[in-house]
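Asks: here's a sequence, model it:
(2 chains)
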Amino acid sequence: MCGIAGFHNFHLDRQERIAILRRMLTRIKHRGPDQSGVYVSDSIGMGSVRLSIVDLSSGTMPISNSDDSLWIVFNGEIFNHIELREELLSKGHFFKTHSDTEVIVHLYEEFGPDFIHKLNGQFSIAIWDKNKEELFLARDRVGIRPLYYTEREETFIFASEIKSLLEFPGVKPKLSPKAISEYFTFWTSITPNTVFEDIFEVPPGTYMILNKHSKKTTTYWELPLYKPNEYKYLHVDEAAKDFEAIFSDAVRLRLRADVQVAAYLSGGLDSSVTTSFIKELSPENLRTFSIGFTEKDFDESSYQNIASEYFKTQHSSVMCGPNDIADNFKNVIWHSEAPLLRTAPTPMGLLAKSVRDQNIKVVITGEGADELLGGYNIFKETKIRRFWAKDPKSKFRPLLLKKLYPYLPQMSNANNNVLKMFFGYRLNETSSPVYSHLLRWNNTSRINNYLTKEYREAIDGYDPIIAIEEKMGNKLNGMDSLTKAQYIELEYIYVRILCHHREDGMANSIEVVLLLDHRVIEFCMSLHPDKN
Amino acid sequence: MKTKNQVSEIDNMALTAILSTQILNDLFINRSIPELSDNELVELDKTILDY
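Replies: Alright, predicted model coming up:
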């Protein structure tokens, strides 16, 4: 897990620098209760709190290269660190520790910023180059690990959590009405915005290089997009075989740790498939965890038990009721640092606490499959709406939506007028790049009506949906409708919501490992929609 | 909700969104979480001073 914090280009006396770093790190010590350390010079102060997973005895940060010209603090895991270390050893590098952290600083020494392409991991990185007096900051491709920053006068301040930034003197938070309207439309803000004015995130798939005179951001990875004539794989069997190989390798890498690795097992398809791959690679006793609900409509314990028995895992479950959610909700907001539209992070936080109470530091989750393989109803709903839009007066086409949502009580009696009223929103705007999400966003955005007059005036006509359309530009021209929907979900929505929700792990000092291996993502995006 | 005597998914989301934003305001803007005292601060295991 770990947390990092720091500042660059400041006017502080030497004692103040350490005092401020200690305050910043204390605010995030839940991320790394095992060790903490700082590096301070006249231009940089940076530090970390560590959750030891790889090289428990000697990986305390900050860590330097051989001549101490580069110093790193890092949050996350580099899953292919063993292979990268071997490559560096063959080039004559010498290591002091067995940690993945040290591999990163040597990679930077050898390859410069381009080293980032070699990493398979979830990470946020800060490297101080003493000779060039430059700060390098980077975030993983999809933004699993957070990294926030703000600027005050000429000082650049960064940290794994916003609450840490607020410990720097003079940083005063203010809620952004525009960002709130984004949250009340998309469930998240548009990167690099956060819900606070003048506090931003380092965008996923980017790195920044800062010195006294400049700050430059470079995109090193983007979600790949394929036009219909560019899709790979003609046959689903061939695709399945290659997917199995890539996914298995992603799981293999993520099992690497000097501590026990467990898995979340909800009883659903994604976590069951993940568990099956883990068991194949590591047949010995696997600990699995899940959450159950005292309200029977939400409880899936029976499926969890079936899955656990089938895979012969040592399974633990935590029960959660409405009072548990109420009692813990405030703490969840403290850790998510964002508005939430669902209370789901609260039971997940209780689950993470249970994992930690049983001395497990790393847990693998199978989330992401629905986004990557078109599993959500929104993807099917889009297909039906597009079909309906070709003949808007059809009596039969909208009835397909009833088949999609048979579990919704209001659907069983819905006639065509009701379906049209609800699902017919902007039906004919099929050329919009965000067509797939227009209906959802329109429904959600009604929450903005609850904002005070003062806030609505401050938003001043800002339309988040238009903002996101403008940000996308022509990027999605010529793409299949499923690809467009997946792109929106993965690029703007899913991982950002996941990160807010995954603060449950960070709050409880466990590393939640996601199977969003960039090779799996790239593979899934290259598939014809029929193969998903 | 009182009129219809039922709660929709949007109603649930609205309640959660409003409540969470108010809590956010309370915690981060009004700073209702206590200031850190000196004896709460992390003890550093490693300090590199490079002057």
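Asks: check what pLDDT A:H500 gets.
Replies: Turning to A:H500, the model gives it a pLDDT of 63.
Asks: low-confidence regions, chain A specifically.
Replies: By pLDDT under 70, the weakly predicted segments of chain A are A:54-56, A:408-410, A:412, A:499-505.
Asks: residue in it nearest to chain B?
Replies: Chain B sits closest to A:G37 of chain A, with a gap of 3.2 Å, by C-beta to the nearest C-beta. C-beta: built from backbone N, CA, C; applies to glycine.
Asks: stretch A:386-406: end-to-end distance?
Replies: Across stretch A:386-406, the terminal residues are separated by 20 Å (C-alpha to C-alpha, to the nearest Å).
Asks: quick one: residues in contact with it.
Replies: Contact with stretch A:386-406 is made by A:377, A:380-381, A:384, A:411-412, A:414, A:416, A:419-420, A:423-424, A:427-428, A:430, A:435, A:481, as judged by C-beta atoms under 8 Å, 6 or more residues apart in numbering or on different chains.
Asks: swap in 6 Å and give it another go.
Replies: A:377, A:380, A:384, A:411, A:416, A:419, A:423, A:427-428, A:430, A:481 (C-beta atoms under 6 Å, 6 or more residues apart in numbering or on different chains).
Asks: can you list the residues of chain B near chain A?
Replies: Residues of chain B that fall close to chain A, judged by C-beta under 6 Å from any C-beta of the partner chain: B:10, B:13-14, B:16-18, B:20-21, B:23-24, B:27-29, B:36, B:41-42, B:44-50.
Asks: helix, strand or coil for the residue sitting nearest the centre point of chain A?
Replies: The residue lying closest to the centre of chain A (C-alpha atoms, centre = their mean) is A:I144, at 3.2 Å. Taking DSSP: H, G, I helix; E, B strand; the rest coil as the rule, one finds A:I144 in the coil state.
Asks: show me what contacts it?
Replies: For A:I144, the contact set (C-beta under 6 Å, 6+ apart) comprises A:122, A:514.
Asks: repeat the analysis, applying 10 Å as the threshold.
Replies: A:76-77, A:121-124, A:204, A:368, A:495, A:498-499, A:502, A:512-514, A:516 (C-beta atoms under 10 Å, 6 or more residues apart in numbering or on different chains).
Asks: re earlier: can you give me the neighbour number for the residue of chain A closest to chain B?
Replies: 22 (other C-beta atoms under 10 Å in any protein chain shown).
Asks: which strands or helices does the strand or helix carrying it pack on?
Replies: Assigned by DSSP states H and E, A:G37 belongs to strand A:35-40. For strand A:35-40, the elements it packs on are strand A:3-8, helix A:14-27, strand A:44-50, strand A:63-64, strand A:70-78, strand B:46-49, judged by 3 or more C-beta pairs under 10 Å, 6 or more residues apart in numbering or on different chains; DSSP states H and E.
Asks: quick one, the third one and strand A:35-40 angle?
Replies: The reference is to strand A:44-50. Using axes from the mean of the first three to the mean of the last three C-alpha atoms, to 10 degrees, the inter-axis angle of strand A:44-50 relative to strand A:35-40 is 170 degrees.
Asks: so which elements touch the longest helix along chain A?
Replies: Ordering each helix of chain A by length in residues (DSSP state H) puts helix A:236-254 first. When contacts are defined as 3+ C-beta pairs under 10 Å, 6+ apart, helix A:236-254 sits against strand A:70-78, helix A:81-90, strand A:121-129, helix A:269-281, strand A:362-365, strand A:511-514, helix A:518-525.
Asks: convert the fourth one to PDB, retaining C-alpha atoms only.
Replies: Output in PDB follows, covering the C-alpha atoms of helix A:269-281 (Å, rounded to 0.1, in the frame of the first residue of the first chain):
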ATOM      1  CA  LEU A 269     -18.500 -14.800 -12.100                       C
ATOM      2  CA  ASP A 270     -15.500 -12.400 -12.000                       C
ATOM      3  CA  SER A 271     -14.200 -13.300  -8.500                       C
ATOM      4  CA  SER A 272     -14.900 -17.000  -9.100                       C
ATOM      5  CA  VAL A 273     -12.900 -17.000 -12.300                       C
ATOM      6  CA  THR A 274     -10.100 -15.100 -10.600                       C
ATOM      7  CA  THR A 275     -10.100 -17.500  -7.700                       C
ATOM      8  CA  SER A 276     -10.000 -20.500 -10.100                       C
ATOM      9  CA  PHE A 277      -6.800 -19.000 -11.800                       C
ATOM     10  CA  ILE A 278      -5.200 -18.400  -8.400                       C
ATOM     11  CA  LYS A 279      -5.900 -21.900  -7.300                       C
ATOM     12  CA  GLU A 280      -4.400 -23.300 -10.500                       C
ATOM     13  CA  LEU A 281      -1.200 -21.300  -9.900                       C
END
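Asks: in a markdown table, list the helices and strands packed on strand A:35-40 along with mean neighbour count and distance to A:P283.
Replies: Shown next, in a markdown table, are the helices and strands packed on strand A:35-40 (neighbours: other C-beta atoms under 10 Å in any protein chain shown; distance: least, C-beta to C-beta, whole Å):
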| stretch | mean neighbour count | distance to A:P283 |
| --- | --- | --- |
| strand A:3-8 | 29 | 34 |
| helix A:14-27 | 20 | 40 |
| strand A:44-50 | 28 | 31 |
| strand A:63-64 | 24 | 35 |
| strand A:70-78 | 26 | 23 |
| strand B:46-49 | 15 | 39 |
